[in-house]
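Student: Following is a predicted model, sequence given first.
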Amino acid sequence: MTRDTRSQNTDRLDVDLALFGALGDLALRKLFPALYQLDREGLMPADTRVLGLARHELAVSDFRDKVSAALKKRVKPKEQDAESMARFLERIDYAKVDFAQPDDYQAVRAWREGSPRPMVVYLSVPAKIYGDICRNLEASDSLDDESRVVVEKPIGYDLVSSQEINDVIGEVFPESRIYRIDHYLGKETVQNLIALRFANPLFGTQWNQNHISHVEITVAEQVGIEGRWGYFDQAGQLRDMVQNHLLQLLCLTAMDPPSNLDADSIRDEKVKVLKALKPFTHESLDRDVVRGQYTAGTSAGQAVPGYLEEEGANTDSHTETFVAMKTEVSNWRWAGVPFYLRTGKRLPDKLSQIVIHFRQQPHYIFDPDQRSLAANKLVIRLQPEEGIALQVLTKDAGLDKGMRLRTGPLHLDFNSAFPKTRIPDAYERLLLEVMKGQQYLFVRRDEIEYAWRWCDQLIAGWEDRGTPPRRYPAGSWGPVASIAMITQDGRSWYEDY
Ligand SMILES: NC(=O)C1=CN([C@@H]2O[C@H](COP(=O)(O)OP(=O)(O)OC[C@H]3O[C@@H](n4cnc5c(N)ncnc54)[C@H](OP(=O)(O)O)[C@@H]3O)[C@@H](O)[C@H]2O)C=CC1
Ligand SMILES: O=C1O[C@H](COP(=O)(O)O)[C@@H](O)[C@H](O)[C@H]1O
């Protein structure tokens, strides 16, 4: 594959940001609040402008009212200040554009007329119209030589559809100016994983199959499908969460040290991990992968419907809302180390964490009854409370305890360790990096494609079998088989912190 490897690092923040899909869920719930926060923190230069684009007839003042209402709903009250809000709203314009209509793009061109700033195009719309928008922007002469495009996930439905989408975007933008979002890469602790692994010799020397017995990655969601049946039922949890977020977490956990922090150095290492992921066979698919679908149950103390009773549901659907699997990265660093992945909707809590289980000492001298305690764990918590905890073994205090062991955490809770530092939402960081022209937190085309290759063969195996997903009640930790999958290896999912 040829790609443009020039990395842009302009450190220029002043841009014209054109936000397509400006009345959509993502824009109002995440993107405008993130932009407001950047402005409030003084990270948005005075001349940066934002153009909201949607197909509804609206006066600019009405559009600003909608954004203002979204900010009041989404930004914490103590972070809403009237001066910053007013300044931010002043930057915003609105244009009514049907994205499929080339003539409508004259409004974009008019907005850009005479602007010295590069344009950032944010496509907060379904991927099927990415191509129309890119081509129409180019045909209307709205772009400049530094224009960047930000695209949302999912990029496609499988390898072939993702290649088609990447091809049309690539007709207009070179790879060095395409920013593919995976919002997990903007989360504070995900970035800390890079610092933790590559800044601390303590971990750097231990991070391999000689010292690590297994790795768990859990991304548990308490929410259901949140009214997104149309999208979700076509996708399922494997495409919605594993193909992107979980595989990115796996890559950052498993990759070799990059030679520097440049975007391509990091992304080259992630691609090597994706290429080394062990494919599933018929046998391992049955043994090592569990699909589930939630039935009615409870969530946060409230009764909730099952997946097949959600609004707009098709009652025959076999789409999975839960996946657990055991896989392996087939290389020298990780040979023989299982990576257990688990993600699902309507689980008891929102909990995303990576747990590194270290091996036991080669020779054990303590109470034989406590042998199962005798290993260190590193817990990297992404949400809800960001932090890192290293479970270490110490002597139990007291005269009557002899040399009894106990486990306790060496615990770094970001909120209490750095109380004055606000932890930004992932989209704030990602938008800031786009404005700076830094690509290291965005996904390169080949990463997406290798991830699809691996998922596609897994999905083909499922389709071949036609087995329906196992049921689990909303509010539980998924099908019992997902617990059996790990306990058959003499291990268990780690749910503490
Ligand atoms: N919402 C989320 O939490 C997440 C979303 N994403 C991705 O972000 C993108 C946006 O998602 P989301 O905000 O949920 O989607 P929405 O459907 O809420 O928003 C998309 C917007 O695009 C508009 N639109 C679609 N076609 C056209 C057109 N031809 N001309 C003008 N406007 C058009 C729609 O307008 P209208 O209302 O008039 O139809 C709608 O307002 C998608 O790619 C999605 O996969 C990714 C992760 C999470
Ligand atoms: O991309 C997506 O992510 C959300 C979960 O994101 P989080 O930051 O709240 O963990 C998921 O609910 C959604 O289905 C998926 O499209």
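Tutor: That came through fine. None of these values were measured; they are calculated from a predicted model. Ligands and ions are numbered 1, 2, ... in the order given.

Student: Where does the prediction get shaky in the stretch 251-400 of the chain?
Tutor: The model of the stretch 251-400 of the chain has no residue with pLDDT under 70.

Student: Around ligand 2, which positions in it sit nearby?
Tutor: Counting by C-beta under 6 Å from any ligand atom, no residue of the stretch 251-400 of the chain lies close to ligand 2. Every residue, glycine included, has its C-beta placed from N, CA and C.

Student: Show me the helices in the stretch 251-400 of the chain, by range?
Tutor: Assigned by DSSP state H, counting those that start in this stretch, the stretch 251-400 of the chain shows helices spanning 263-276, 282-288.

Student: Report the separation between residue 64 and residue 89.
Tutor: Counting by C-beta to C-beta, to the nearest Å, the gap from residue 64 to residue 89 is 5 Å.

Student: Which helix or strand contains the closest residue to ligand 1 within the stretch 351-497 of the chain?
Tutor: Closest to ligand 1 within the stretch 351-497 of the chain is residue 427: 9.9 Å, counting by C-beta to the nearest ligand atom. Assigned by DSSP states H and E, residue 427 belongs to helix 426-436.

Student: Count the neighbours of residue 172 for me.
Tutor: 21 (other C-beta atoms under 10 Å).

Student: Helix, strand, or coil at residue 225?
Tutor: Classification of residue 225 using DSSP: H, G, I helix; E, B strand; the rest coil returns coil.

Student: The spatially closest residue to it that is not a sequence neighbour: what's it in contact with?
Tutor: Ranked by C-beta to C-beta, 6 or more residues apart in numbering and with sequence neighbours excluded, the top spatial neighbour of residue 225 is residue 232, at 4.5 Å. By C-beta atoms under 8 Å, 6 or more residues apart in numbering, the contact set of residue 232 is 225, 240, 319.

Student: sorry, back to before: what about the helix holding residue 427, distance to the chain center?
Tutor: Helix 426-436 has its C-alpha centroid displaced from the chain centroid by 14 Å (C-alpha atoms, centre = their mean, to the nearest Å).

Student: What lies in contact with that helix?
Tutor: By C-beta under 8 Å, 6+ apart, helix 426-436 touches 9-13, 15, 17, 30-31, 33-35, 37-38, 43-44, 48, 120, 122, 148, 150, 179, 181, 183-188, 191, 439-442.

Student: and the residues you listed, which are buried?
Tutor: 13, 15, 17, 30-31, 33-35, 37-38, 43-44, 48, 120, 122, 148, 150, 179, 181, 183-188, 191, 439-442 (16 or more other C-beta atoms under 10 Å).

Student: Let's see which of those residues end up in helices.
Tutor: 33-35, 37-38, 188, 191 (DSSP state H).

Student: export stretch 317-325 as CSV, just CAs?
Tutor: The C-alpha trace of stretch 317-325 is given here as CSV (Å, rounded to 0.1, in the frame of the first residue of the first chain):
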residue,chain,number,x,y,z
SER,A,317,-32.4,-10.5,15.3
HIS,A,318,-29.3,-12.6,16.2
THR,A,319,-27.1,-9.5,16.6
GLU,A,320,-24.7,-9.8,19.5
THR,A,321,-24.6,-7.1,22.3
PHE,A,322,-21.8,-8.9,24.1
VAL,A,323,-18.6,-10.6,23.1
ALA,A,324,-15.9,-12.3,25.1
MET,A,325,-12.9,-14.0,23.6
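
Student: Pull out the buried residues from that stretch.
Tutor: 317, 319-325.
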